[in-house]
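Peer 1: Everything below, folded, please.
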Amino acid sequence: MDFTLMEQAVEIINKSVDAILSVDAEGTIQYCNPATLKMFGYKRDELLGSNIRLLMPHHQAQHHLQYMQKYITTGQSRMMGGGSIVQAQHRDGSPLPVHIALSESYTSMGHRFHAIIHDISSLETQAQVQVRGVCQRFIDLYTRFQQDQIGAFNTMQSRLDRLLAQGQDLDLLHQEFSERKQQMNDLLDQSQAIVTELETR
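Peer 2: Next up, the predicted model:
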């Protein structure tokens, strides 16, 4: 069976693993392919006629119409004509990291915006695993560093204590050493706090 160019385009869009959708100048969804439904967990009749904000977290959705109107007025947008990584939202409310590429067209029905959306959640998971591996290596190095430094300080502290016990006037040196030791401990504590924060990401 021979396909016309239009039929081929429809076939490609319907078989695409990426979500493809079109909205009007108000952000109302006019078209979505099957992958859009699978990616976001909606039925077709739930999306068609709904606003694109439905697929966004609240903090993005509340400003989206303003961004669209600004682009229509000024022609300025950091996303149009290129790709960006953004946070979308699944029907169940869970975050969905995606790469989105935007384009536009002018039709007899008015201004249209088109989006090709690629789910990158699996890539983000891999990246998180890699980051955790780096963090663990850092922790290992940090632990060895901490043990070495504390051991060295304790050795020096013992030597100073022996000199002081012999009656030598090392009070000022001892005070300075104690202050430096405290500074090192504070630095190590701050480093550990940073490591803990990285681990929770």
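Peer 1: so where's the longest strand in this structure?
Peer 2: Assignment by DSSP state E gives strand 95-107 as the longest strand of the chain.
Peer 1: following that one, which helix or strand shows up next?
Peer 2: strand 110-119 (DSSP states H and E).
Peer 1: Can you work out which other helices and strands pack against that following strand?
Peer 2: In terms of contact count using 3 or more CB pairs under 8 Å, 6 or more residues apart in numbering; DSSP states H and E, strand 110-119 is assigned the packing partners strand 19-24, helix 34-40, strand 95-107. To be clear about C-beta, it is placed using only N, CA and C from the backbone, and glycine gets the same treatment.
Peer 1: and it, which residues are buried?
Peer 2: Along strand 110-119, the positions that meet the burial threshold by neighbour count (16 or more other CB atoms under 10 Å) are R112, F113, A115, I116, I117, H118, D119.
Peer 1: for that strand, what is the average pLDDT?
Peer 2: Across strand 110-119, pLDDT averages out at 90.
Peer 1: ok, now stretch 27-36?
Peer 2: Looking at stretch 27-36 alone, the average pLDDT works out to 94.
Peer 1: what's the first-to-last distance across it?
Peer 2: End-to-end distance for stretch 27-36: 16 Å, by CA to CA, to the nearest Å.
Peer 1: Just name the closest of the buried residues of strand 110-119 to L96, please.
Peer 2: Closest to L96 out of the buried residues of strand 110-119 is D119 (6.7 Å), distances taken as CB to CB.
Peer 1: The closest one contacts I100, correct?
Peer 2: No: D119 sits out of contact with I100 when judged by CB atoms under 8 Å, with a separation of 10.5 Å.
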